[in-house]
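Participant: From the sequence below, what's the structure:
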Amino acid sequence: MTKRVAILLSGGGSNMVALAQSMTGDHPARPVLVMANSAGAGGLDKARALGIDTDFVDHRPYKGDRSAFEQALHDRLVQAQPDILCLAGFMRVLTEGFVRRWHGRMLNIHPSLLPKYRGLHTHARALAADDAQHGCTVHEVTPELDEGPILGQATVPVLAGDTPDTLAARVLIMEHRLYPAVLRRFAAGDRTPVHLP
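Facilitator: Numbering: from 1, shown residues only. Presented below is the predicted three-dimensional model:
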């Protein structure tokens, strides 16, 4: 049975596009909704151009009441009846209550080789540490930030003269390969980690 996928984003949606474009042919999943936390998120226009239903719940009116924001988000998601949620640059930290509702069904992509560099500014932190390799990780979402079971990783070499921006650009290319590969496997019921060099 084909799995229904909802994708949550906050920005331009390049990972959403990579995911959506991969869900064709014999892929075990299809995108049914792209949600954002702002009406102005560029990824919404890209989703509409791909023929995917879109919606948003603006987080700003809920300032100071994260649970109310998450309830509104949850209510809209339930209408779409997704089997899997993919966080693709969704820049809101989700509470334990929300995460537990979607336990075992929510994926996230993070721009570091977890468990290194949870949180923000991962590329600058990898450079500051003189790492020889950097990359990205897809993991299941748990209440602890960036700590869920790892479902896939892709590595890139850190080059002499790299800046956070040049490193981020190379990692993003690998994100666009890794996330679709993990989603295909996950939607088929296989949690074996994917490793891309």
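
Participant: biggest helix in the protein by residues?
Facilitator: With residue count as the measure and DSSP state H as the assignment, the chain has helix 164-187 as its longest helix.

Participant: Run through who's touching that one.
Facilitator: Residues from elsewhere that reach helix 164-187 (CB atoms under 8 Å, 6 or more residues apart in numbering): 3, 5, 14-15, 18-19, 21-23, 27-29, 83-84, 86, 88, 107, 109, 111, 121, 123-124, 126-127, 134-136, 138, 151-156, 158-159, 191-192, 194, 196. Quick note: C-beta positions are derived from backbone N, CA and C, even for glycine.

Participant: residue boundaries of the strands in this protein?
Facilitator: Ranges of strands in the chain, per DSSP state E, are 3-9, 29-36, 54-56, 84-87, 106-110, 133-140, 150-157, 194-196.

Participant: Who are the packing partners of the last one?
Facilitator: So that's strand 194-196. strand 150-157, helix 164-187 (3 or more CB pairs under 8 Å, 6 or more residues apart in numbering; DSSP states H and E).

Participant: need the ones you listed in JSON lines with mean pLDDT and mean neighbour count, can you?
Facilitator: Converted to JSON lines, the helices and strands packed on strand 194-196 look like this (pLDDT from 0 to 100; neighbours: other CB atoms under 10 Å):
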{"stretch": "strand 150-157", "mean pLDDT": "98", "mean neighbour count": "20"}
{"stretch": "helix 164-187", "mean pLDDT": "98", "mean neighbour count": "19"}
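
Participant: Of the strands of the chain, give the one that comes closest to residue 99.
Facilitator: strand 106-110 (6.9 Å; CB to CB).

Participant: Distance check, residue 102 against residue 87.
Facilitator: Plainly put, residue 102 is 10 Å away from residue 87 if you go by CB to CB, to the nearest Å.
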